[in-house]
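Coordinates for the following, if possible.
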Amino acid sequence: TASFTRSFYVRDKESTVTGVTFKSDGTEMYIIGYVSDSVHQYTLSTAWDISTASFTRSFYFGDKESTPCDVTFKSDGTEMYITGHSSDSVHQYTLSTAWDISTANWTRSFYVGDKESTPQDVIFKSDGTKMYIIGSSSDSVHQYTLSTAWDISTASFIRSFSVADKDTYPSGVTFKSDGTELYIIGDNSDSVHQYTLSTAWDISTASFTRSFSVVDKAPSASGVTFKSDGTEMYVVGRGSTSVYQYTLSTAWDISTAS
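Residues are numbered from 1 along each chain as shown. Coordinates of the predicted model:
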């Protein structure tokens, strides 16, 4: 049910975009990529509408990660997490002002190279008690439990879920807000693949349901995220220089996409 609506050009800040995420209310957008080794922040005058975005600031993290692949945030914007495959780690930063990346300070890192030597994306359960890594060496999603919510130093590995039958270079992962749907995107298929979880947030219960191609807009697809209610989808690709927005007439359902 997805239909393309608009795109937003970001090449002036990052020419190889690998990840995109939003503030929980859709009024801030953050992109990350290989070339600048920075997170770039944009303010949206109309929430979730990328055509209204304007650049505000950047944050450099090249001292921790020189091949960055994704960025995500704690639900209240006070913690930021970056992953990439020069360090094979997740790096955590505390923001003294929520959602303002200029106030970020590094606090800790967590190595994931024993499970994934080319980590491409990181995402958390909405309460911060589970962390998920996807990568292109194992072609899998890896699930960790955090004994202290949002503190990656307390993470312990639980299980993995292979997506190799759908994409052999998976580069992005995200979930429906209640954890009952899993979405991955990859460079090999240039598609978003949707899985239903019979037990929320437990990737061992995932079963494939449908796919949606984004090759016409975002070749070398590298990142996917959704509006909090599932009615908008945002995609980036290393072969493009923009963020692409799609509207879903049925929330979270990409089955009849055109």
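
Could you give the number of residues near V35?
V35 has 13 neighbours, counted by other C-beta atoms under 10 Å. For every residue, glycine as well, the C-beta is placed using N, CA and C.

what do you get for Y60?
11.

before we move on, what about R57?
13.

For G223, grab phi and psi.
When read as degrees, to the nearest 10, the backbone of G223 gives phi -150, psi 150.

if I pick the residue lying closest to G186 once chain neighbours are set aside, what's in contact with it?
Among residues not flanking G186 along the chain, D167 sits closest, at 3.0 Å (C-beta to C-beta, 6 or more residues apart in numbering). Counting by C-beta atoms under 8 Å, 6 or more residues apart in numbering, D167 makes contact with 139, 184-189, 191, 193.

Taking the residues you listed, tell me the two that lie furthest apart.
D139 and S191 (14.5 Å; C-beta to C-beta).

hey, what's Y30 bridged with?
On the basis of DSSP bridges, Y30 is bridged to T21, Q41.

measure it to S240 for me?
17 Å (C-beta to C-beta, to the nearest Å).

same check, this time on D114
From D114 to S240 the distance is 33 Å (C-beta to C-beta).

who has more neighbours, these two?
Neighbour count, other C-beta under 10 Å: between D114 and S240, S240 has more, with 23 against 9.

And the pLDDT at the closest residue to the more buried one other than its chain neighbours?
With sequence-adjacent residues excluded and distances taken as C-beta to C-beta, 6+ apart, S240 is closest to A218, at 5.0 Å. Looking at A218, its pLDDT stands at 87.

just S15 next, same as before
88.

hang on, the earlier thing: the residue nearest to G186 falls within a strand, correct?
No. Counting by DSSP: H, G, I helix; E, B strand; the rest coil, D167 is not found in a strand; it is coil.

how about S211, what does it touch?
Contacts of S211 (C-beta under 8 Å, 6+ apart): 166, 189, 191-194, 254.

And for F55, the neighbour number?
13.

Name whatever forms a beta bridge with it.
Bridge pairing for F55 - DSSP bridges - gives Y42.

quick one: it and L44 touch, right?
No. F55 lies out of contact with L44 (C-beta atoms under 8 Å); the separation is 11.3 Å.

min pLDDT across the contacts of S211, which one?
Ranking the contacts of S211 by pLDDT, I254 lands last with 83.

what's the helix or strand for it?
Assessed by DSSP states H and E, I254 sits outside every helix and strand.

Name the nearest residue to it, ignoring sequence neighbours.
Nearest to I254 is F212, by C-beta to C-beta, 6+ apart, at 4.1 Å.

try G62
D37 (3.7 Å).

For the one you found, give its distance to S86.
9 Å.

Pick out whichever of those two has more residues nearby.
Taking other C-beta under 10 Å, D37 and S86 do not tie; D37 has more neighbours (21 against 14).
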